[in-house]
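Q: no FASTA, just this:
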């Protein structure tokens, strides 16, 4: 893929790492390419960060044809610039596009676009450990029409955001509200896809939880019986005799960090199981003192320990509201690989030359 590059004449001021937060600031440039049925993918370019121009009748605005990914770039301790598992994100992007009847770029073009944009804006990667350059590849239908059908035109774009911790609590255990009314995903729906609609459906419950003093919600299935995800993350429970994460059943996003955690737990010969798990089982284990810890896994937060669950208006402490040893070990292992402090045994790192 040939990419035209137009560099900005007005660089943006950069923030100190302590000011970053998550997703509040954006780098100088963005990648854009377009698709139509006659030309295929074309007009690949890196341009100064700017507003998009789309038709008011674009399908993304009326029929929700919007899909995105989340990934990161880092400076390792030896000064090398790297991406973390870009092939995983590119493949998941294509699978999600199929579900939404969208046309996704080839895997190699996806990775090339991300790598070239990071190369252009490499000075936006924070150097401090715990910070990174968050990458948001996005796909939208932008043909203007009214009528329920897939768009014939698509725009693929990538933006970059230097970030610190996802939660203001950082790596401290967070408080979680078990949601029993609102539903994140239903069988046959979009639960396994990073579609914009998937996240729109989660906003009401998340807002209510935050108003009650909780960082996020624990999502249950359509019968309000089985655990699915925690906030925008996959979830793990550490019992006395096994570690459990909900199996992928079509309503749960197949997370990249989830996959990393599963691999590492298997490497360490720990009893990890993927299966359905009832919320009643989790609460019973808490009451008996048999749930040792719980945590979420995701690109943004990596490992997010859970310190408290509220279920049916009753609070349950998890791991004495402290970060458990397994959550801590996984966080250190994954970030150690990302920053080049631990050998990359599973080839998760892709180096980028400036």
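A: Thanks, I have the structure now. Only a predicted model underlies this, so the values are computations on that prediction, with no experimental measurement involved.
Q: In terms of helix, strand or coil, where does residue 280 fall?
A: The assignment at residue 280 comes out as helix when based on DSSP: H, G, I helix; E, B strand; the rest coil.
Q: Any idea how many residues pack against it?
A: Per other C-beta atoms under 10 Å, the neighbour tally for residue 280 reads 12. Every C-beta, even on glycine, is put in place using the N, C-alpha and C of the backbone.
Q: what do you get for residue 310?
A: Residue 310: 19 surrounding residues under other C-beta under 10 Å.
Q: Quick check: which ranges of the protein have low pLDDT?
A: The chain contains residues with pLDDT under 70 at 166-170.
Q: And the helices in the stretch 1-150 of the chain, which stretches?
A: Taking DSSP state H, counting those that start in this stretch as the test, the helices found in the stretch 1-150 of the chain are 59-62, 86-99, 107-120.
Q: Pipe those helices into CSV and attach mean neighbour count and distance to residue 50 per row.
A: What follows is those, written out as CSV (neighbours: other C-beta atoms under 10 Å; distance: least, C-beta to C-beta, whole Å):
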stretch, mean neighbour count, distance to residue 50
helix 59-62, 20, 18
helix 86-99, 19, 23
helix 107-120, 20, 14
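Q: and residue 49, how far is that from residue 34?
A: Per C-beta to C-beta, to the nearest Å, residue 49 is found 18 Å from residue 34.
Q: for residue 46, that is, sorry about that
A: If you go by C-beta to C-beta, the gap between residue 46 and residue 34 works out to 14 Å.
Q: who's more crowded, these two?
A: Neighbour tally, residue 46 and residue 34, criterion other C-beta under 10 Å: the higher count belongs to residue 46, 22 against 17.
Q: Quick check: closest non-adjacent residue to the more buried one.
A: Here the nearest residue to residue 46 in space, its sequence neighbours aside, is residue 5; by C-beta to C-beta, 6 or more residues apart in numbering that works out to 4.7 Å.
Q: For the one you found, list the residues it contacts.
A: Contacts here follow C-beta atoms under 8 Å, 6 or more residues apart in numbering; on that basis residue 5 touches 45-46, 116, 120.
Q: how about JSON lines for those residues, with distance to residue 195 added?
A: Converted to JSON lines, the contacts of residue 5 look like this (distance: C-beta to C-beta, whole Å):
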{"residue": "45", "distance to residue 195": "26"}
{"residue": "46", "distance to residue 195": "26"}
{"residue": "116", "distance to residue 195": "26"}
{"residue": "120", "distance to residue 195": "28"}
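Q: quick one: which of the residues you listed is nearest to residue 13?
A: Using C-beta to C-beta, residue 120 comes nearest to residue 13 of those, at 17.7 Å.
Q: who's in contact with the closest one?
A: In this structure, residue 120 makes contact with 5, 7, 29, 46, judged by C-beta under 8 Å, 6+ apart.
Q: Over to residue 317?
A: With contact taken as C-beta under 8 Å, 6+ apart, residue 317 is in contact with 286, 307-308.
Q: Could you rank those by neighbour count and give me the top one?
A: Neighbour counts for these peak at residue 307, which has 22 neighbours (criterion: other C-beta under 10 Å).
Q: So that residue sits against residue 171, correct?
A: No. With contacts counted by C-beta atoms under 8 Å, residue 307 stays clear of residue 171, the gap being 11.2 Å.
Q: Residue 325 - how many residues pack around it?
A: Residue crowding around residue 325 was assessed by other C-beta under 10 Å; the count is 12.
Q: That one: what's it in contact with?
A: Shown here is residue 325, whose contacts under the criterion C-beta under 8 Å, 6+ apart are residue 293.
Q: Number the chain from 146, please
A: That works, and once the first residue is 146, the last one we named lands at residue 470.
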